[in-house]
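Peer 1: Need coordinates for the below:
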Amino acid sequence: MQIIHVRRCLKNDKSNFLQTLKEHIELPRLIPKEFRTAFYKTIGRPRGRTLESFIWFLVLKNIIGIPNDSAFLTVLMLSRELREFCGFDAVPEAWEITTFRKDFADYLVLMFDNLVDETEPVCRELDPKKADYLIYDTTGVKANVAENNPKFIETKLAAAKKAATKNPELNPYAVVYSSLPDTAKANPDVKHQYINGHFCYAHKAGVITNGIGIVRHIAFFDKAFKDKHPDIIEQKTDNPALDKEISDSASLKPVLSDFYAKHSHFKRYKTFIADSSFDSYDIYSMLRDDFHFDRICIPINPRNSASAHTDFDINGTPVCPKDKIPFTFRGLSGGKNRSLRFKYICPKSVQTKTGSPNPICTCHTPCTKNSYKCVYIYPHKNLRLYPGIPRGTQHWDNLYRHRTLVERTINIFKDDFGVAHRRSFSTTTAKADIFLAGITQLLGVLFAYSIKQLKFFKSVRKLFSA
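Peer 2: Down below sits the predicted model:
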């Protein structure tokens, strides 16, 4: 019944809904003590604004979907209910909001981490199986710099195409890519990147979600992160896709290390999912030995593959030595004193009706004298081909399908919560905005849990459009 009440409040009584929102989200309790101490420390004059006021302003802006501070400040001028909800006696100046982001970006990180702790039991209750997945991907937060103006690259591309008319072997796009500056002139922290199939200058971050799509960790790759993890690789070749793979895979271990250091009390996660840019032998060993994942769902990247074994396909599935047809997966076996192994049988084998547990091969040109061909695979001998779950099976496909959840969460942050519409090139405010997006989603989880409507757990904004 509470959800009906919320929807009615939205349509007929906005102030009542805002009061309901504030009642179900105990913001003062969720703000870390260090954040409160830093905000209220002596600055020579009274603050005049409360810490909760600034946080509610920034969170409500994300929930409603207003892309920038100025537009929402205008809304506040016209709405007494929103001003009272945020706790402002008078509408603040735009510079006050910007200063808050710059001064307290690191404390917003603390608040985000606190909310991850608060929402972990909710996720485990919502779906214990999917809450046990960790899904990782990287993203870029575009900066408002001259290098992101389309004319900047178009000018260089026009010159390269002109040169290519005299030299047909010249690839104008490769020439442009190799000639672009590594960083933006206005801010050296804004790096040249290849994101979603296009070039841009952006701040880079890593995002971890669980199998439900709820953010668990955000790693903003600023100077502090790189100083803490000096092994992070940043290189530039003539292949943007390869550069992205190297950069993404190098970020994985430090990101996971930071996540587990912050939440060492969490129950161990058993399943890791990521795209093929993380496919390398070292990563599989690291995920199993250092972070103790039982299943690692990463597709094979052909660029990282040597010549395939003649009796196996690219997924590690045994194939018929004659016609190369993949064998059929028949399950797992093993025990206390025996290593885990995968069982595959010839696809032309059929189960007889005589009650015999073994199938019979129906092949006209069998490759063995036995009644049927059976192959056992021991995953520990090759983690890349056998990462705790057989590749090329329906089980694999169903599990890997969850990887898109991290992309959807990133899209919510960028599109719904306005991170993609920033008008600044500041590193600090970019960091504050992406963590505020995470804070907004997690507050939505707590709100949905409090009103006992977990179908709205991914974003409290759904309540506004219901």
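
Peer 1: what are the phi and psi angles of H364?
Peer 2: The phi and psi torsions at H364 (degrees, to the nearest 10) take the values phi -80, psi -20.

Peer 1: Mind pulling the model confidence for it?
Peer 2: What the model reports as pLDDT for H364 is 71.

Peer 1: ok but R384 is inside a helix, no?
Peer 2: No: the assignment for R384 (DSSP: H, G, I helix; E, B strand; the rest coil) gives coil, which keeps it out of a helix.

Peer 1: can you tell me which residues contact it?
Peer 2: For R384, the contacting residues are 279-281, 284, 300, 316, by C-beta atoms under 8 Å, 6 or more residues apart in numbering. All C-beta spots, glycine's among them, are computed from the backbone N, C-alpha and C.

Peer 1: If we use 10 Å, what do you get?
Peer 2: Residues in contact with R384 (C-beta atoms under 10 Å, 6 or more residues apart in numbering) are 279-285, 296, 298, 300, 304-305, 316, 391.

Peer 1: Show me which positions of stretch 21-40 end up buried.
Peer 2: Buried positions in stretch 21-40, judged by neighbour count with 16 or more other C-beta atoms under 10 Å: 21, 24-25, 30-32, 35, 39.

Peer 1: related to what we said a few turns ago, only whichever of the contacts of R384 are buried, select them in ChimeraX.
Peer 2: Those of the contacts of R384 that meet the burial criterion (16+ other C-beta under 10 Å) are gathered into one ChimeraX selection, given here:
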select :279,280,283,284,296,298,300,316,391
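
Peer 1: now the contacts of R384 as a markdown table including secondary structure and pLDDT?
Peer 2: Compiled in a markdown table, the contacts of R384 are given as follows (DSSP: H, G, I helix; E, B strand; the rest coil; pLDDT from 0 to 100):
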| residue | secondary structure | pLDDT |
| --- | --- | --- |
| D279 | coil | 88 |
| S280 | coil | 82 |
| Y281 | helix | 78 |
| D282 | helix | 84 |
| I283 | helix | 90 |
| Y284 | helix | 91 |
| S285 | helix | 90 |
| I296 | strand | 95 |
| I298 | coil | 94 |
| I300 | coil | 87 |
| N304 | helix | 61 |
| S305 | coil | 55 |
| G316 | coil | 78 |
| R391 | coil | 89 |
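
Peer 1: would a markdown table of the contacts of R384 with distance to G48 be doable?
Peer 2: Rendered in a markdown table, the data for the contacts of R384 read as follows (distance: C-beta to C-beta, whole Å):
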| residue | distance to G48 |
| --- | --- |
| D279 | 54 |
| S280 | 54 |
| Y281 | 58 |
| D282 | 54 |
| I283 | 51 |
| Y284 | 55 |
| S285 | 55 |
| I296 | 52 |
| I298 | 52 |
| I300 | 59 |
| N304 | 57 |
| S305 | 62 |
| G316 | 64 |
| R391 | 60 |
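
Peer 1: Show me the two of the contacts of R384 that sit farthest apart.
Peer 2: With C-beta to C-beta as the measure, no two of the contacts of R384 lie farther apart than D282 and R391, at 18.7 Å.

Peer 1: Over to Q441. Which of the three states is it?
Peer 2: helix.

Peer 1: What are the neighbouring residues in contact with T74?
Peer 2: 66, 91.

Peer 1: if I've got this straight, it is in a helix?
Peer 2: Yes: counting by three-state DSSP, T74 is part of a helix.

Peer 1: List the contacts of L58.
Peer 2: L58 makes contact with 69, 72, 86, 97, 100-101, 108, 417, 432-433, 436-437, 439-440 under the criterion C-beta under 10 Å, 6+ apart.

Peer 1: Buried ones only from those residues, please, as a PyMOL command.
Peer 2: A single PyMOL command suffices to select whichever of the contacts of L58 are buried according to 16+ other C-beta under 10 Å:
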select buried, resi 69+72+86+97+100+101+108+417+432+433+436+437+439+440
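
Peer 1: Now, the contacts of L58 that are in helices?
Peer 2: 69, 72, 86, 97, 100-101, 108, 432-433, 436-437, 439-440 (DSSP state H).

Peer 1: For V207, state which of those residues is nearest.
Peer 2: Closest to V207, out of all of those and judged by C-beta to C-beta, is A437, at 9.9 Å.

Peer 1: ok, the closest one to T119 distance?
Peer 2: Relative to T119, A437 is positioned 15 Å away (C-beta to C-beta, to the nearest Å).

Peer 1: Repeat that for K452.
Peer 2: For K452, the distance to T119 equals 15 Å [C-beta to C-beta].

Peer 1: of the two, who's got more company?
Peer 2: A side-by-side neighbour count of K452 and T119, using other C-beta atoms under 10 Å, places T119 first with 23 against 9.

Peer 1: Same list (the contacts of L58) but as a markdown table, adding pLDDT.
Peer 2: Converted to a markdown table, those look like this (pLDDT from 0 to 100):
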| residue | pLDDT |
| --- | --- |
| D69 | 90 |
| F72 | 92 |
| C86 | 90 |
| I97 | 94 |
| F100 | 94 |
| R101 | 94 |
| L108 | 97 |
| F417 | 89 |
| A432 | 96 |
| D433 | 95 |
| L436 | 96 |
| A437 | 94 |
| I439 | 96 |
| T440 | 93 |
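
Peer 1: Can you tell me the closest non-neighbouring residue to N114?
Peer 2: What sits nearest to N114 in space, not counting adjacent residues and going by C-beta to C-beta, 6 or more residues apart in numbering, is P32, at 5.3 Å.

Peer 1: now do H395
Peer 2: Taking C-beta to C-beta, 6+ apart, and ignoring the residues beside it in sequence, H395 has I389 as its nearest neighbour in space, at 6.3 Å.
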